[in-house]
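Colleague: okay, here's the prediction I keep looking at, along with the sequence it came from:
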Amino acid sequence: MARVVKVFRKDKINKKGIAPVNFRVIKDRKIYYISTDIKIRADEWDEKNGLIKSKHKNSVRWNSFLMTKLAELNDDVIEMDTNEKSLTGRQLRDGIYGKKPTDFFVFANEVCDEYKLAGQIGTYDKNRSILAKLKTYPKSGKLCFQDITPEFLEAYSQYLKTVHKNKTNTVNKDFKFIRKVFNDAYRKGIIEHKVNPFNNYKMKTEKTNICFLLEDELALFESVVATPGTRLELHRDMFVFAGWTAGIRISDLLQLQWKNFNGTQLDFTIKKTKTQLSIKVPNKGLAIIEKYKPDKPNKNAFIFPVFTDELNLNNPVAVDKAISGATAYINKNLKIIAEKAKIDKNISFHVSRHTWATIALRKGVTLLAVSKLLGHSNIRETMIYAKIVNPDLDLAMDKFNE
């Protein structure tokens with residue numbers, strides 16, 4: 001067990017006869033000295049009682065400070081002993097004085113840069129936008145971690161809703177990144193756990209309805225006539241392909257090359273999670289791939305010819321820009337196709353992902369298999385589809401037809 005005492009540092013007496021009062025900590029035969037920023041003469045120190053003598057004009061105030069900080073330091077030492085944590089001089093000093101205010105934006109930008117270095121340009125751009133929005137908040141100014149309190153978050157939430165017209169779930173996404181910055185700062189020893197405002201702030205979400213197509217609606221979508229060789233036809237085929245083939249994300253589908261296809265299966269690395277995925281393509285998907293297969297395919301050419309073969313997939317900035325531009329164009333055409341098919345739903349390419357998941361569950365594919373084929377890192381992400389498709393509830397209602 002560590003021992004903590006107040007000491008007058010006789011070994012540090014200067015030419016004026018003045019020396020500092022320190023806290024001395026002894027743990028595992030190691031001695032730590034923690035400064036108190038108090039300096040007095042030797043005759044002003046009561047060695048027996050460990051106090052500053054009353055002859056000093058600041059004795060009452062300084063003795064009170066020393067007693068308070070000694071109690072806090074003992075609490076920190078006991079906690080570290082109990083949790084078997086290592087003890088450092090820096091930790092002890094922070095325990096007495098608290099950490100110096102740290103600029104939130106400086107560290108948050110470093111967190112953003114980590115995404116850029118990892119090639120996750122889309123995530124980098126989104127988080128930079130979150131920080132840019134935070135800087136518009138009149139109360140942000142030179143924002144330190146310690147300035148962001150639960151009260152600050154509540155006020156900022158209202159600001160986002162009223163000034164930026166953000167929905168509750170958009171605010172939640174912004175706050176998830178802010179919370180990550182705090183968590184990273186704590187892991188790196190920049191802030192203490194108690195500084196994190198999310199310890200006492202509950203983020204809010206609203207339930208949203210997932211848009212998906214039923215199997216007959218997907219068939220309607222596929223039946224829409226488009227002029228051969230046009231982008232409208234290509235975008236329709238890509239959507240239908242994803243609707244039948246594991247709901248492949250647009251970012252992955254755009255980058256699929258012929259070398260990723262062996263005739264029956266697609267093998268590729270998911271852009272979002274960096275995990276390897278192998279998908280056996282169903283017959284409806286194979287028919288679409290066959291439609292775009294050249295007589296002598298170049299293994300590095302894209303299966304769905306949205307990008308030119310000159311696009312350098314090793315340049316994350318160029319790839320992200322190309323994906324963003326293509327996605328906007330595709331979503332615009334998908335709305336045109338939905339209108340032609342008389343499907344009154346808000347269609348975007350991501351709807352193909354929801355469509356495949358719901359069709360798969362209705363066909364009896366297990367939740368675990370759906371989760372793996374979607375490339376979800378956690379099955380909890382997939383549970384949302386299980387709530388939409390519940391065969392037991394369908395069977396229950398069928399009882400009324402008996």
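Modeller: Done, it's in. Residues are numbered from 1 along each chain as shown.

Colleague: quick one: neighbours of Glu215, just the number.
Modeller: 14 (other C-beta atoms under 10 Å). (C-beta placed from N, C-alpha, C; glycine too.)

Colleague: what's the separation between it and Glu222?
Modeller: Distance of Glu215 to Glu222, computed by C-beta to C-beta, to the nearest Å: 11 Å.

Colleague: before we move on, what about Lys142?
Modeller: According to C-beta to C-beta, Lys142 and Glu222 sit 56 Å apart.

Colleague: and for Ala108?
Modeller: Counting by C-beta to C-beta, the gap from Ala108 to Glu222 is 45 Å.

Colleague: these two: who's more crowded?
Modeller: A direct count of neighbours by other C-beta under 10 Å for Ala108 and Glu222 places Ala108 higher, at 24 against 18.

Colleague: residue contacts, the more buried one?
Modeller: Leu131, Ile178, Val181 (C-beta atoms under 8 Å, 6 or more residues apart in numbering).

Colleague: so which strand or helix has the second one?
Modeller: Taking DSSP states H and E as the definition, Ile178 sits inside helix 168-187.

Colleague: where do the helices sit along the stretch 151-300 of the chain?
Modeller: Secondary structure of the stretch 151-300 of the chain by DSSP state H, counting those that start in this stretch: the helices cover 168-187, 215-223, 231-244, 250-253, 283-292.

Colleague: quick one: buried residues of the longest one?
Modeller: Spelled out, that is helix 168-187. Val171, Asp174, Phe175, Phe177, Ile178, Arg179, Val181, Phe182, Asp184, Ala185, Tyr186 (16 or more other C-beta atoms under 10 Å).

Colleague: try stretch 267-285
Modeller: By neighbour count on 16+ other C-beta under 10 Å, the buried set for stretch 267-285 is Phe268, Ile270, Lys271, Leu277, Ile279, Val281, Gly285.

Colleague: do stretch 307-321 as well
Modeller: For stretch 307-321, by 16+ other C-beta under 10 Å, it's Phe307, Leu311, Pro316, Val319, Asp320.

Colleague: which of those sits closest to Ile191?
Modeller: Pro316 (30.4 Å; C-beta to C-beta).

Colleague: so who does the closest one touch?
Modeller: Applying C-beta under 8 Å, 6+ apart, the residues near Pro316 are Gly119, Gln120, Ile121.

Colleague: in a helix, Phe65, correct?
Modeller: Yes: applying DSSP: H, G, I helix; E, B strand; the rest coil, one finds Phe65 inside a helix.

Colleague: what's the burial count for it?
Modeller: Other residues near Phe65 come to 16 when the count uses other C-beta under 10 Å.

Colleague: OK, contacts around it?
Modeller: Thr36, Ile38.

Colleague: can you give me the end-to-end span of stretch 137-154?
Modeller: Taking C-alpha to C-alpha, to the nearest Å, the first and last residues of stretch 137-154 lie 13 Å apart.

Colleague: let me know the average pLDDT across it.
Modeller: Regarding stretch 137-154, the rounded mean pLDDT is 88.

Colleague: pull out the buried residues from that stretch.
Modeller: Under the neighbour-count criterion of 16+ other C-beta under 10 Å, stretch 137-154 has Tyr137, Ser140, Leu143, Cys144, Phe145, Gln146, Ile148, Phe152, Leu153 buried.
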